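> Quick one, what's the 3D model for this:
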Amino acid sequence: MGKTIGIDLGTTNSCVAFLENGEATVIPNAEGSRTTPSVVAFSKDGERIVGSAAKRQAVTNSARTVFSIKREMGTDNRTKIDGKSYTPQEISAIILQKLKLDAEAYLGESVTDAVITVPAYFSDSQRQATKDAGRIAGLNVLRIINEPTAAAMAYGMDKGGAQRIMVYDLGGGTFDVSVLDINNEVIEVLATAGNNRLGGDDFDNCVVSWLLEEFRRQEKIDLSTDTAAMGRIREAAEKAKIELSAALTTTVSLPFLYSDRNGAKHLETTLTRAKFDELTAHLVKATMGPVEQALRDAGLKPGDLNRVLLVGGSTRIPAVQAAVKSITGREPSRDINPDECVAMGAALQGGVMQGEVKGLLLLDVTPLSLGIETMGDVFSRIIERNTIVPVQRSQVFTTAANFQTSVDIHVLQGEREIASCNKTLGKFRLSGIRRALRGVPQIEVTFSIDANGIVNVSAKDLGTGKHQEITLTQSSNMSSAEIDRAVKDAERYAEEDALRKQRAELQNRAEELLYQAKNAQKKLNAVDKERIEGMRKRVKQAMDAGNDRELKAACEDLTDALNACGRYVDPSDMNDDDGAMDADIT
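As a prediction, the model looks like this:
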């Protein structure tokens, strides 16, 4: 059985981990970093760039670079690049594919099974979209678990004893707070709350707005429509935010930010932590409401908490830490790495599902209420928020008009009493109802939620036995055909990426061989020198023509010739163990 990886698919950064000797271990990416920026870019020739490389080129290639796609999960918003439209699932799958490849390179084996985390306040459609993204990336998603719950698993594995903890999770694009009860090897989520569109990106945007205003004040120029300038300003805003977590002031220096007939314009200004706190105070305050709600739903007071854990890179902001301490009365714990603990918890859950971790039981909850629309635009709840999953609940309804032979079931998720104010998950029709006066037919509606938070709804006429059901697998806004097509595209691009890698390696080795041959010629007799020179020219011509097959053959011939002269350093350089040079490049 292959390894199961745990993935924290973040708005700003993502992380992957696996279980090694019972311990969760973070897997570094190909660049050597323990987290990977959740950024995808497309070069002019169609190459897909992911992670740090994509982030570095964002300023000069902003139109083809995608940030913070996690915020669009579960929506039908599509990103258009060079005439092609990409769903949020497809962009997320590119990130997941990078994490999968990095894990395979590190572990030295193929990886297919994964546990992926999502914000606790993700809706059904957002959870399903995340599963679809995993499928497109070639992953078998064993389970979707909530990020705060995963963090609590990473924290609680070795702590022992009974304790109640709060996990305050402020990431790049989402905010969650969960209250959990940890009792030896049982982790039970008591309540969860949050905001799917509040995170570090919003703090960055506050700084961006301030910098734009500063430049407008100094130069009387509005840069908000200048794509290149905005890219540099956003980059500087994020850097300033990070620096102010440790320093009281930071200098923003952007030379040659704009140029007109009067010359170049620069932006040089100082941002203090006090000013940053002023600019972002409303965002910090916005996280306090969900904290209070989670405590109320859990039936606890701040004094009942044993510990408060901070998760997500944005919790490094001092004002956030101060606000959490103020509302809970406790100094937030820093026992876990806020950037890595979620992926580590996901890896532990993978270990539980594969039998590597024994005795650990996770009891999670559904974050939002589920129900149907009834007459008068009323939302009738069937499963209340913070109900432990998996769960199944039923409720009996009746008809609203005489002699109805069918009823439409409108499935909703949310907390508003008005049905139209909540999120539609799906609709289906139950036909074949026995004709009768209104109020007579008995229609039983049953909701079931699996461990991933995915919803199934059924309706049954108790009089006739007619039955209809819907599994809300299409609520992610991608049809099965679209998902299958995206899977094939991902596989095709994986092959193209591998071919690009082979070509790059071939070019590099050819250049190295040319250099070695040139040095060898200095010590050869005239005949050998001329023969080697002819072979060098052949290698150069193949490189210039982009003919990989000819280049490979020319390199092999030059290698043989140098070996015959006793001048080639390492024949194994042209014969990699990974088979890159042995591949049949066409």
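> where does the stretch 51-200 of the chain have low pLDDT?
For the stretch 51-200 of the chain, the stretches with pLDDT under 70 are 157-161.
> Specify which residues of the protein, grouped into ranges, have pLDDT under the cut-off.
1, 157-161, 470-487, 490, 493-494, 497, 566-586.
> again, only this time at 50
The model of the chain has pLDDT under 50 over residues 473-476, 568-586.
> List the neighbouring strands of the longest strand along the chain plus their orientation.
Secondary structure of the chain read by DSSP state E shows that its longest strand is strand 249-260. Here strand 249-260 has these sheet partners by DSSP bridges: strand 263-272 (antiparallel).
> if I pick residue 5, what's in contact with it?
16-18, 27, 99-100, 103, 111, 113-115, 347, 350 (Cβ atoms under 8 Å, 6 or more residues apart in numbering). In short, each C-beta sits where N, CA and C put it, glycine included.
> top of those residues by neighbour count?
Among the contacts of residue 5, residue 347 has the most neighbours (other Cβ atoms under 10 Å), with 34 neighbours.
> For residue 406, see how far away that residue is.
48 Å (Cβ to Cβ, to the nearest Å).
> Please apply the same query to residue 139.
Residue 139 is 40 Å from residue 406, where distance means Cβ to Cβ.
> quick one: the helix ranked longest in the chain to chain centroid distance?
Ranked by residue count and defined by DSSP state H, the top helix of the chain is helix 480-521. Distance of helix 480-521 from its chain centroid, counting by Cα atoms, centre = their mean, to the nearest Å, is 26 Å.
> just use 48 as the starting number from now, easier for me
Right, with 48 as the first residue, what we last looked at is helix 527-568.
> And the next helix or strand past that helix?
helix 573-592 (DSSP states H and E).
> Restrict that following helix to CA atoms and write it as PDB.
Extracted in PDB, the C-alpha atoms of helix 573-592 (Å, rounded to 0.1, in the frame of the first residue of the first chain):
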ATOM      1  CA  ALA A 573      45.600  17.800 -35.200                       C
ATOM      2  CA  VAL A 574      43.600  14.900 -36.600                       C
ATOM      3  CA  ASP A 575      41.700  14.200 -33.400                       C
ATOM      4  CA  LYS A 576      41.200  17.900 -32.800                       C
ATOM      5  CA  GLU A 577      39.600  18.400 -36.300                       C
ATOM      6  CA  ARG A 578      37.400  15.300 -35.800                       C
ATOM      7  CA  ILE A 579      36.200  16.500 -32.400                       C
ATOM      8  CA  GLU A 580      35.500  20.000 -33.900                       C
ATOM      9  CA  GLY A 581      33.300  18.500 -36.500                       C
ATOM     10  CA  MET A 582      31.300  16.700 -33.900                       C
ATOM     11  CA  ARG A 583      31.000  19.900 -31.800                       C
ATOM     12  CA  LYS A 584      29.600  21.700 -34.800                       C
ATOM     13  CA  ARG A 585      27.000  18.900 -35.300                       C
ATOM     14  CA  VAL A 586      25.900  19.200 -31.600                       C
ATOM     15  CA  LYS A 587      25.600  23.000 -32.000                       C
ATOM     16  CA  GLN A 588      23.600  22.700 -35.200                       C
ATOM     17  CA  ALA A 589      21.200  20.200 -33.500                       C
ATOM     18  CA  MET A 590      20.800  22.600 -30.600                       C
ATOM     19  CA  ASP A 591      20.000  25.600 -32.900                       C
ATOM     20  CA  ALA A 592      17.500  23.500 -34.900                       C
END
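> got the contact list for it?
Applying Cβ under 8 Å, 6+ apart, the contact partners of helix 573-592 are 554, 557-558, 560-561, 564-565, 567-568, 571, 597-598, 600-602, 604-605, 608-609, 612.
> and the longest helix of the chain, what other elements does it pack with?
helix 135-154, helix 171-183, helix 573-592, helix 595-611 (3 or more Cβ pairs under 8 Å, 6 or more residues apart in numbering; DSSP states H and E).
> want to throw these into JSON lines with distance to residue 506?
Below are the helices and strands packed on helix 527-568 laid out as JSON lines (distance: least, Cβ to Cβ, whole Å):
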{"stretch": "helix 135-154", "distance to residue 506": "29"}
{"stretch": "helix 171-183", "distance to residue 506": "18"}
{"stretch": "helix 573-592", "distance to residue 506": "67"}
{"stretch": "helix 595-611", "distance to residue 506": "60"}
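> Mean neighbour count, these: which tops it?
Comparing the helices and strands packed on helix 527-568 by mean neighbour count (mean count of other Cβ atoms under 10 Å), helix 171-183 ranks first with a mean of 26.
> any idea which helix or strand comes after that one?
Using DSSP H and E, the helix or strand that follows helix 171-183 in sequence is strand 187-193.
> What is that next one packed up against?
Strand 187-193 sits against strand 160-165, helix 171-183, helix 388-401, strand 408-412, with contacts defined as 3+ Cβ pairs under 8 Å, 6+ apart.
> Which one of these lies nearest to residue 231?
Among these, strand 408-412 comes nearest to residue 231, with 9.5 Å by Cβ to Cβ.
> neighbouring strands for the closest one, and are they parallel or not?
Here strand 408-412 has these sheet partners by DSSP bridges: strand 233-242 (parallel), strand 435-436 (antiparallel).
> Name the surrounding residues that touch that strand.
Contact with strand 408-412 is made by 192-193, 196, 200, 232-239, 396, 399, 432-436, 498, 500, as judged by Cβ under 8 Å, 6+ apart.
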